[in-house]
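K.L.:
What follows is a predicted structure for the sequence shown.
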Amino acid sequence: MSVPSNIAEGQVRGTREFIYFLRVSIGSLAELETQLFLASELSFLNKERTAIILLDLESLNRQIHALINKLKS
């Protein structure tokens, strides 16, 4: 919930703050990635499902970075 919440909060602010909140959302993605690794290692989530979710996180990370770059230009 942290990732979309930060994006939504930043979107209603000016561009400079939006970029800040997008960066915060990237940090939240990193936290989620760590939580997924732990869940997988503790057998709460199987490795195959973890890999699929991690690919989605990588895609979202690239999209957020692309948006940051677009906003900076």
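P.N.:
Nice, thanks for sending it over. Residues are numbered from 1 along each chain as shown.

K.L.:
any idea how far residue 23 is from the residue nearest to residue 21 when sequence neighbours are not counted?
P.N.:
Of all residues not flanking residue 21 in the chain, residue 10 sits nearest, at 2.6 Å (Cβ to Cβ, 6 or more residues apart in numbering). Where you see a C-beta, it was placed from the backbone N, CA and C, and this is true even at glycine. To residue 23, residue 10 is 9 Å away according to Cβ to Cβ, to the nearest Å.

K.L.:
who has more neighbours, the two?
P.N.:
Taking other Cβ atoms under 10 Å, residue 10 and residue 23 do not tie; residue 10 has more neighbours (20 against 15).

K.L.:
residue contacts, the most centrally placed residue in the chain?
P.N.:
What sits nearest the mean C-alpha location of the chain, by Cα atoms, centre = their mean, is residue 29, with 3.2 Å. Shown in contact with residue 29 (Cβ atoms under 8 Å, 6 or more residues apart in numbering): 3, 57, 60-61, 64.

K.L.:
Nearest to residue 50 among those?
P.N.:
Among the contacts of residue 29, residue 57 lies closest to residue 50 (Cβ to Cβ), at 10.3 Å.
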